[in-house]
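Trainee: what would the 3D arrangement of this be:
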Amino acid sequence: MSFKTIVTIFTSVLIAIIIFISRDQLVEAWNLLGKLDPWILGLLIPVQFISYYAVGEMVFSYLRAKKLIEHLSPFTLARMSLEMNFVNHVLPSGGISGVSYLTWRLSKYGVNPAKSTLAQLVRFAMGFVAFSVILAVAVIVVTLDNNLNRWIILLSASIIFLIIGLVGICMYAFEKEARLRGLARWITKVTNKVVYELTLRHKKEVIKSEPIETFFVEMQDDYLALKKDKKLLIKPFIWGIVAVSADISLFLVSFYALGAPINPAAVAIAYGFAITVGNVIVTPGGAGAYETIMIAILAMAAAEADAKTVIAGILITRVATLLGTIVFGYVFYQHAIFKLGKPSHGKHPDLKG
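Mentor: Predicted structure coming up:
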């Protein structure tokens with residue numbers, strides 16, 4: 001059984017569980033669709049564009065400050081951001097596919113892989129920091145306003161500390177070459193082990209540590225330079241705040257379109273849990289687990305929301321944004337492949353297959 005087949009089955013089972021458990025609420029949620037305000041719902045399009053543009057700018061603002069992409073137009077960069085998000089949604093890899101793809105795209109404009117990857121590490125780090133700040137504020141607001149469930153507070157705090165810990169580990173590793181090489185060997189071991197199990201023990205070694213060690217060491221000089229000039233992180237952090245806020249606003253738009261506005265802080269908490277799980281689950285876009293987690297958490301965090309409204313608002317947002325990502329992203333992706341040729345083997349898989 002192939003890896004793609006396993007992922008497909010796993011995704012199908014998750015979705016089937018959601019449908020079975022929430023079958024009564026789904027019927028009621030379907031009836032709510034007749035109350036949708038199409039003009040308000042139409043705001044999903046510009047808000048989604050802002051979200052994806054901000055995600056791209058977290059990378060591009062850093063590269064622009066390093067004077068590496070001054071020759072690229074904002075439209076070209078926006079396209080690359082949409083393509084990257086498309087790749088992340090259709091290939092279940094926790095964001096690694098998007099990193100690989102954007103590295104390949106930027107290489108066509110003279111940005112070497114080490115600098116491109118470091119820029120994307122900056123995106124992840126500042127995105128995590130921005131996400132933690134918004135999540136912390138949301139927990140405080142909802143706790144003061146609605147006497148939030150203590151388990152939600154505990155889990156939210158755990159996510160924040162986990163993110164801070166991961167960022168700290170990466171910073172610690174990049175301080176010394178020996179630590180970087182050790183990290184590369186650990187990543188290699190874990191990745192090969194996971195792939196070995198997921199492919200039912202058919203593939204023993206998909207990556208080697210030596211290229212990763214070399215790659216990390218090449219990035220170390222840029223990291224140390226970045227550490228001396230921390231001002232370069234300001235714009236990526238601001239764009240991170242914009243990106244996370246836009247993602248949360250997508251759900252708020254859907255709830256307003258249903259005529260059922262909901263506490264933004266509660267939505268932020270539910271989004272935080274869902275995005276954390278979605279980055280771990282290997283289904284495309286975190287499908288299945290993402291919706292389940294967000295529905296469950298939002299039902300507990302938002303006292304004013306009933307189950308059918310929560311389900312309707314979340315599913316409307318997810319379906320609309322996934323369709324927008326896949327439809328428009330696929331068009332731009334295929335145009336890039338046609339114009340530039342397929343990425344070289346080993347850097348990014350062909351999505352046509």
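
Trainee: what helix or strand is residue 259 located in?
Mentor: Counting by DSSP states H and E, there is no helix or strand that carries residue 259.

Trainee: what about the residue lying closest to it once chain neighbours are set aside, how many neighbours?
Mentor: With CB to CB, 6 or more residues apart in numbering as the criterion, residue 259 has its nearest non-adjacent residue at 5.7 Å, and that residue is residue 35. Any C-beta I mention is one placed from the backbone N, CA and C, and that applies to glycine too. A count of neighbours around residue 35, defined by other CB atoms under 10 Å, yields 11.

Trainee: do residue 144 as well
Mentor: Residues lying near residue 144 (other CB under 10 Å) number 10.

Trainee: is residue 71 in a helix, a strand, or coil?
Mentor: For residue 71, the secondary-structure state derived from DSSP: H, G, I helix; E, B strand; the rest coil is coil.

Trainee: the nearest residue to it once chain neighbours are set aside: what secondary structure?
Mentor: Nearest in space to residue 71, with sequence neighbours left out and distances taken as CB to CB, 6+ apart, is residue 109 at 7.3 Å. At residue 109, secondary structure determined by three-state DSSP is coil.

Trainee: now residue 109: how far from residue 163?
Mentor: Note on residue 109: its distance to residue 163, by CB to CB, to the nearest Å, is 31 Å.

Trainee: likewise for residue 64?
Mentor: Spatial separation of residue 64 from residue 163 under the definition CB to CB is 26 Å.

Trainee: picking up where we left off before, would you check that the residue nearest to residue 71 makes contact with residue 72?
Mentor: Yes. The pair residue 109 and residue 72 qualifies as a contact (CB atoms under 8 Å) at a distance of 6.1 Å.

Trainee: count of neighbours near the residue lying closest to residue 70 once chain neighbours are set aside?
Mentor: Nearest residue to residue 70 in three dimensions, chain neighbours excluded: residue 64, at 6.5 Å (CB to CB, 6+ apart). Under the neighbour criterion other CB under 10 Å, residue 64 is assigned a count of 16.

Trainee: shouldn't residue 254 be in contact with residue 321?
Mentor: No. Proximity of residue 254 to residue 321 does not meet the contact threshold set by CB under 8 Å, at 9.6 Å.

Trainee: identify the contacts common to the two.
Mentor: With contacts defined as CB atoms under 8 Å, 6 or more residues apart in numbering, the residues shared by residue 254 and residue 321 are residue 44.

Trainee: follow-up on the earlier one: can you count the residues close to the residue nearest to residue 71?
Mentor: Neighbourhood size, residue 109 [other CB under 10 Å]: 14.

Trainee: give me phi/psi at it?
Mentor: Here is the backbone geometry of residue 109 (degrees, to the nearest 10): phi -110, psi 20.

Trainee: residue contacts, it?
Mentor: By CB under 8 Å, 6+ apart, the contact set of residue 109 is 69, 71, 72.

Trainee: dump the residues you listed into JSON lines; add distance to residue 175 as well.
Mentor: Converted to JSON lines, those look like this (distance: CB to CB, whole Å):
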{"residue": "69", "distance to residue 175": "28"}
{"residue": "71", "distance to residue 175": "33"}
{"residue": "72", "distance to residue 175": "32"}
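
Trainee: what number of residues lie near the closest residue to residue 121 other than its chain neighbours?
Mentor: Nearest non-adjacent residue to residue 121, counting by CB to CB, 6+ apart: residue 170, 7.2 Å away. By the other CB under 10 Å criterion, the neighbourhood of residue 170 contains 15 residues.

Trainee: and the one 5 residues further on, by the same measure?
Mentor: By other CB under 10 Å, the residues close to residue 175 number 13.

Trainee: what's the answer for residue 65, then?
Mentor: Under the neighbour criterion other CB under 10 Å, residue 65 is assigned a count of 18.

Trainee: how about the residue lying closest to it once chain neighbours are set aside, what does it touch?
Mentor: Excluding its sequence neighbours, the residue lying closest to residue 65 (CB to CB, 6+ apart) is residue 232, at 5.2 Å. Contacts of residue 232 were listed using CB under 8 Å, 6+ apart, and they are 62, 65, 66, 122, 226.

Trainee: next step: these restricted to strands.
Mentor: Counted as lying in strands by DSSP state E, out of those, is not a single one.

Trainee: and which of these is nearest residue 195?
Mentor: Within those, distances to residue 195 taken as CB to CB reach their minimum at residue 122, with 27.1 Å.

Trainee: could you check the pLDDT of that closest one?
Mentor: At residue 122 the predicted local distance difference test score is 85.

Trainee: what's the neighbour count on it?
Mentor: Taking other CB under 10 Å as the definition, residue 122 ends up with a neighbour count of 24.

Trainee: one step back: nearest to residue 77, of the contacts of residue 232?
Mentor: When those are compared for distance to residue 77 (CB to CB), residue 62 wins out at 12.2 Å.

Trainee: burial count for residue 82?
Mentor: Residue 82 - counted by other CB under 10 Å - has 24 other residues nearby.

Trainee: how about the helices in the stretch 101-250 of the chain?
Mentor: Listed from the start of the chain, the stretch 101-250 of the chain has helices (DSSP state H, counting those that start in this stretch) covering 113-146, 150-173, 177-198, 209-228, 234-257.
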